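Peer 1: Curious how this folds, go ahead:
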Amino acid sequence: TRQSLTCCFCRAPQPKTGREEVQMLKNRVTLKGPRAMYRYTLELSTSSPPKDDRQAFELLLEASELGLPYAPAALAVFYDEGRGSVAISQKKVREYLQLSALRGSVFSQDKLASREMDRGHYETAFFWWEIAAKAGDD
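Peer 2: Sure, this is the predicted structure:
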C-alpha cells in the first residue's frame, strides 16, 4: 500500500523532521484533536528532561473529556507517580483505569485485572480479563 503524502485532517505534507511533527501536533491540539493531544503529551512528558508534565496532564484531562479511550489510563500514571503536580492517589488511579477500561482499553482492562488479583479479588480480576479476552487480547 502507498503511504499517504498528506495529513488526512489538514492536507499538509507529512512532516520530514521531528520539529515539523511537533508543530503539526500543536496545530491539531489547538483544534481540540484528542489523539493529537495524547501524542503531544508523550512529546511533553517523555523527553529528557520532561518539558512540561503539568501541561501534559491538562491535555490528557481534556482528551479524556473528549472521549479518547486510552487518555484516562495515561492520567492514572500521573496519579500513580505523582507527576504533573498531582498528589499520589490510588483511588484516582483505579477510577481512571476503570474509565479507560469501560471505554474499551484492553491495556486498562488487563492492568485492572492484575491489580485486583494482587488484592485478592479474584472474581473481579477474572471479570476484567474476560472482557479483555473477548476484545481479542489473549
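
Peer 1: Spell out the secondary structure type for A87.
Peer 2: The three-state assignment at A87 reads coil, by DSSP: H, G, I helix; E, B strand; the rest coil.

Peer 1: Which residue lies closest in space to it, excluding its sequence neighbours?
Peer 2: Excluding its sequence neighbours, the residue lying closest to A87 (CB to CB, 6 or more residues apart in numbering) is Y79, at 7.9 Å. Every C-beta, even on glycine, is put in place using the N, C-alpha and C of the backbone.

Peer 1: wait, doesn't that neighbour sit right on V93?
Peer 2: Yes. The pair Y79 / V93 is scored as a contact, 4.9 Å apart, by CB atoms under 8 Å.

Peer 1: Identify the contacts common to these two.
Peer 2: When contacts are counted by CB atoms under 8 Å, 6 or more residues apart in numbering, the set common to Y79 and V93 is empty.

Peer 1: Buried residues in stretch 22-30, which are they?
Peer 2: Residues 22, 24-25, 28-29 are the ones in stretch 22-30 that count as buried (16 or more other CB atoms under 10 Å).

Peer 1: Please save the CA atoms from whichever strand or helix holds A56 in CSV.
Peer 2: Using DSSP states H and E, A56 maps to helix 53-65. Output of helix 53-65 as CSV, limited to C-alpha atoms (Å, rounded to 0.1, in the frame of the first residue of the first chain):
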residue,chain,number,x,y,z
ASP,A,53,4.3,17.5,33.0
ARG,A,54,1.6,19.9,34.1
GLN,A,55,0.6,20.9,30.6
ALA,A,56,0.7,17.2,29.6
PHE,A,57,-1.7,16.4,32.5
GLU,A,58,-4.1,19.2,31.4
LEU,A,59,-4.1,18.0,27.8
LEU,A,60,-4.8,14.4,28.9
LEU,A,61,-7.7,15.6,31.0
GLU,A,62,-9.1,17.4,28.0
ALA,A,63,-8.5,14.4,25.7
SER,A,64,-10.3,12.2,28.3
GLU,A,65,-13.2,14.6,28.5
